[in-house]
Structure formats: C-alpha cells, structure tokens
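K.L.:
sharing a sequence plus its predicted fold:
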Amino acid sequence: MIIDIKKLKQSGKDECSFHFETVLDSDVITLPGAEFSSPTSVTGVLTLSGKNAYLSGEIAYSLKAQCSRCLSEFIYEGVVPFDEEFSENPQSDETYKFSKGLVDLTEMVREKLIISMPQAVLCNEDCKGICPGCGVNLNETQCKCNKE
C-alpha cells in the first residue's frame, strides 16, 4: 500500500485517487473469535500541499464473526473513514512520516482498524439472543421454558 508521490509530482499533478486490496494479519482484530473473511479495501484521495501529503478516504473490511447475543456466525461489514496528514518531517505525533517520496499506508491502516474495531457485534439489531433457561437461539425457535 505505497503511493509514489515523486511520480505524482513529475506528472504535474497534485492530487490522485488510490485503491488497494490487502490481506492484513489477524492481530489487528480485537473482536474475540473473529477473522477476516475477505481482503481489506483502502480507497481514497491523496492531495499534495507543500511538502506534505493529505489523505482522506475509507477502509472497508469484512469479518467472519460470532453474534454477541445469539452466538450465530455471520459476516460483519465495517467501514472506517480517515483523514490524515503525512510529512517527511512530522512536527507532531498526529502526522505520519513518509520518506524518499513514498507514502506507505500500512501503519495508518493498522492503527485505524485497531482503534475502531468493535468489541461486540450483533447479527442484526433485533437479535433476540439465547434463552437463559434452555439455551435455544430465540431467533430460530421459540423456547419451551415456563414463562412465569
């Protein structure tokens, strides 16, 4: 996930769109038992201003996860927006560093995913969960417990 801004400058442009598909290590997933179900997509626009590069866009990912209420497996779709500055000489911790005219998005993508990864997910907003008495998935069947 590297953008060569030297080539961008040579073309006389100060802006370009980008799209990357990447397979990330599972260590960025903080949701217990989840795993990536497809490559992660990183899409956005890079704009040059002076010696800095400004990137905005979104990171889209899919996880094979387990519902936190009913424990059913499902695919969770996540989207993380970003708007970040890259510089060869960062003046703050909020600016990412690039060198030799190459902007590497890997660190930024990893950080954004770790920070935004949900701690719990639901298969749907109306998930009924599991009956505490008999343990059936209430989305699939009605339990036979005495309801008093």
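P.N.:
That came in fine, so what should we check first?
K.L.:
low pLDDT regions in the protein?
P.N.:
146-148 (pLDDT under 70).
K.L.:
how about residues contacting the longest helix that the chain contains?
P.N.:
When the chain is scanned for its longest helix (criterion: DSSP state H), the result is helix 106-116. Helix 106-116 is contacted by residues 1, 22, 24, 28-30, 40, 42, 55, 59, 61, 78, 80, 82, 84, 96 when judged by C-beta atoms under 8 Å, 6 or more residues apart in numbering. The way it works is simple: take the backbone N, C-alpha and C, and place the C-beta from them, glycine included.
K.L.:
for ChimeraX, what selects the buried ones among the residues you listed?
P.N.:
Buried members of the contacts of helix 106-116, defined by 16 or more other C-beta atoms under 10 Å, are picked up in ChimeraX with:
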select :24,28,29,40,42,55,59,61,78,80,82,84,96
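K.L.:
ok, the contacts of helix 106-116 vs residue 132, which is closest?
P.N.:
Lowest distance from residue 132 to these (C-beta to C-beta) belongs to residue 30, with 26.7 Å.
K.L.:
quick check: closest non-adjacent residue to the closest one.
P.N.:
In space, residue 30 comes closest to residue 117 once its chain neighbours are excluded; the distance is 4.3 Å by C-beta to C-beta, 6 or more residues apart in numbering.
K.L.:
which phi and psi does the one you found have?
P.N.:
phi -60, psi 130 (degrees, to the nearest 10).
K.L.:
ditto for the one 5 residues further on
P.N.:
Its backbone dihedrals place residue 122 at phi -120, psi 140, with angles given as degrees, to the nearest 10.
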